[in-house]
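Asks: okay, predicted coordinates and the sequence, questions at the end:
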Amino acid sequence: MAETRSATLTIDGKSYELPIHSPTAGPDVLDIRKLYAQANVFTYDPGFTSTAACDSTITFIDGDEGILTHRGYPIDQLAAESHFLEVCYLLLYGDLPSKEELDQFEGIITRHTMIHEQMHYFFRGFRRDSHPMATMVGVVGAMSAFYHDSTDVNDQKQREIASHRLIAKMPTIAAMAYKYSIGQPFMYPRNELDYASNFLHMCFAVPAEDYKVDPILSRAMDRIFTLHADHEQNASTSTVRLASSSGANPFACIAAGIACLWGPAHGGANQACLEMLREIGTVDRIPEYIERAKDRNDPFRLMGFGHRVYKNFDPRAKVMKASADEVLDLMGIQNNPTLQVAKELERIALEDDYFQDKKLYPNVDFYSGIILDAMGFPTSMFTPIFAVARTVGWISQWKEQLADPQLKIGRPRQLYLGDKLRDYVDISRR
Ligand code: CMC
């Protein structure tokens, strides 16, 4: 990182020089690493709204322009012209693969899709009505109990094997969590199918009859995976990085990422969004919900709207919207009530001053839930599908972090507002 400029910070008449780093794209970054040692002050930034916690070469977002790129390639081009496993390669290794490299990578991922047979018993320990995300957090964390030969983070080869295992096995684990929750037998992966088709097969096939994956659904599934593959330093990715900074094994770190993703402000928003659309129910009730979303005293928010970084249309949402039309056409459900509510809600919110002023646009989760619902997934599977897709992003960021010679354990500081030093009082005198 070459810096040529600096900023001057003055505190109580004393000045400190803070180097300014210029990124490839995006705003300049003030380097405050030596600030505490030199000036005895911390910086205060709850929610990390102005803080870069690492440097990275993987994903770039310009929230004002609505731009998202992976290794420099725009997401709309990747969604239209590439496919998920090629994007996985790009994220993991930094460049688009040659034909041979892609064949080899696809072969490795395809041949790691089965999970240790003993893990089937682990699934059976969960209650049938467990949320599939709860099962996934447990099962992915438990992978470190089954794959001892890929838990040493200091061994480059083991890191590579763990990466492949996680990307390959995550669809199997998500599909098994689903099958278990509905009381159907687990379906083993099929090596002749591509990544998305294999996932659909494991979710929707049953041993009693043949199941043919529709290519339009498979393409839509692949696009959902592609659009969710990585998203810079979001909450779950930062969770993975923080967990990994202590040297924790990759399965534990990814389980932490899944746990964070589950929240309704993050990956859980797709489930929450569809549930909200169903709760609204009919177009005539939309104004009531818009008013609630605008009311400062009501905690209700329009799920699927707004984003910490995008203050313009979420570029993933644009692609997802087009994909939704394709899938709904195929399924012949252009006019179901949930869809009518979604379309009308989008129209009204986009014209409303409150949403315009606060730059609240539909995000990727607004449309993904509609597609997944049309495909036949229950809402409880929406976030697990997000987790399947985001695994490669978590892994790429994890690998990048471990290769960084500046790696330090993540340890934020605080602005302490609690009691000053005081003496313990015996219980008889309180
Ligand atoms: N409905 C109504 N008002 C909202 C909404 C919403 N969905 N989102 C933000 N606002 C308001 C908020 O009340 C605040 O108003 P004020 O300035 O008057 O206090 C203002 O807009 C800024 O909101 P914020 O909470 O400070 O913004 P944030 O960057 O911390 O939050 C967010 C971003 C995504 C958590 C938030 O927009 C939200 O809760 N959206 C709904 C959940 C959702 O759809 N999440 C999926 C995000 S995309 C997928 C992913 O990355 O996981």
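Replies: On my side now, so go ahead.
Asks: which residues does Ile427 contact?
Replies: Shown in contact with Ile427 (Cβ atoms under 8 Å, 6 or more residues apart in numbering): no residues. C-beta coordinates here come from the backbone N, C-alpha and C atoms, glycine included.
Asks: wouldn't Gly183 be in contact with Arg127 here?
Replies: No. Between Gly183 and Arg127 there is no contact under Cβ atoms under 8 Å: 11.8 Å.
Asks: of these two, which one has the most company?
Replies: Arg127 (10 against 7; other Cβ atoms under 10 Å).
Asks: got phi/psi on Lys60?
Replies: Residue 60: Phe, not Lys. phi -130, psi 140 (degrees, to the nearest 10).
Asks: how close does it sit to the ligand?
Replies: 15 Å (Cβ to the nearest ligand atom, to the nearest Å).
Asks: so who does that residue touch?
Replies: 24-26, 67-69, 72, 232.
Asks: buried ones among these?
Replies: Among those, the ones that count as buried by 16 or more other Cβ atoms under 10 Å are 67-69, 232.
Asks: and the residues you listed, which is closest to the ligand?
Replies: Nearest to the ligand, judged by Cβ to the nearest ligand atom, of the buried ones among the contacts of Phe60 is Glu232 at 9.8 Å.
Asks: make sure that closest one is indeed in a helix.
Replies: No. Per DSSP: H, G, I helix; E, B strand; the rest coil, Glu232 lies outside any helix segment and is coil.
Asks: quick one: contacts for it?
Replies: By Cβ under 8 Å, 6+ apart, Glu232 lies in contact with 56, 58-61, 309.
Asks: one more time with 6 Å, if that's ok
Replies: Residues near Glu232 by Cβ atoms under 6 Å, 6 or more residues apart in numbering: 59, 61.
Asks: got it, and the one 5 residues further on?
Replies: Neighbouring residues of Thr237 by Cβ under 6 Å, 6+ apart: 394, 397.
Asks: among the contacts of Phe60, which lie within strands?
Replies: Among the contacts of Phe60, the members found in strands (DSSP state E) are 67-69.
Asks: which one among the residues you listed gets closest to Leu217?
Replies: Leu68 (24.4 Å; Cβ to Cβ).
Asks: go ahead and confirm the closest one touches Pro315.
Replies: Yes. Counting by Cβ atoms under 6 Å, Leu68 does reach Pro315; the two are 5.0 Å apart.
Asks: overlap in contacts of those two?
Replies: Common neighbours of Leu68 and Pro315 (Cβ under 6 Å, 6+ apart) are Ile75.
Asks: residues of the stretch 251-400 of the chain that sit close to the ligand?
Replies: The stretch 251-400 of the chain comes close to the ligand at residues 265-267, 269, 293, 301-308, 358, 360, 363-365, as judged by Cβ under 6 Å from any ligand atom.
Asks: want to throw the contacts of Phe60 into a markdown table with distance to the ligand?
Replies: Supplementary listing: those in a markdown table, determined by distance: Cβ to the nearest ligand atom, whole Å:
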| residue | distance to the ligand |
| --- | --- |
| Thr24 | 23 |
| Ala25 | 20 |
| Gly26 | 17 |
| Ile67 | 15 |
| Leu68 | 11 |
| Thr69 | 16 |
| Gly72 | 21 |
| Glu232 | 10 |
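Asks: turn those residues into TSV, including pLDDT.
Replies: As requested, those are exported to TSV (pLDDT from 0 to 100):
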residue	pLDDT
Thr24	95
Ala25	95
Gly26	95
Ile67	94
Leu68	96
Thr69	97
Gly72	98
Glu232	96
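Asks: closest one of these to Thr8?
Replies: Nearest to Thr8 among the contacts of Phe60, with distances taken as Cβ to Cβ, is Gly26, at 22.7 Å.
Asks: look up the closest residue to the one residue in the chain that gets nearest to the ligand, ignoring the ones flanking it.
Replies: Nearest residue of the chain to the ligand: Gly306, at 2.4 Å (Cβ to the nearest ligand atom). Once flanking residues are discounted, Gly306 sits nearest to Leu360: 4.4 Å by Cβ to Cβ, 6 or more residues apart in numbering.
Asks: how about Tyr361?
Replies: Phe313 (4.9 Å).
Asks: SS state for that neighbour?
Replies: Phe313 - assigned by three-state DSSP - is coil.
Asks: ok, Lys318 - contacts?
Replies: So Lys318 contacts nothing (Cβ under 6 Å, 6+ apart).
Asks: what is the least confident helix or strand in this protein?
Replies: helix 315-331 (a mean of 85; mean pLDDT, DSSP states H and E).
Asks: how about that one: buried residues?
Replies: Residues 315-321, 323-324, 327-328, 331 are the ones in helix 315-331 that count as buried (16+ other Cβ under 10 Å).
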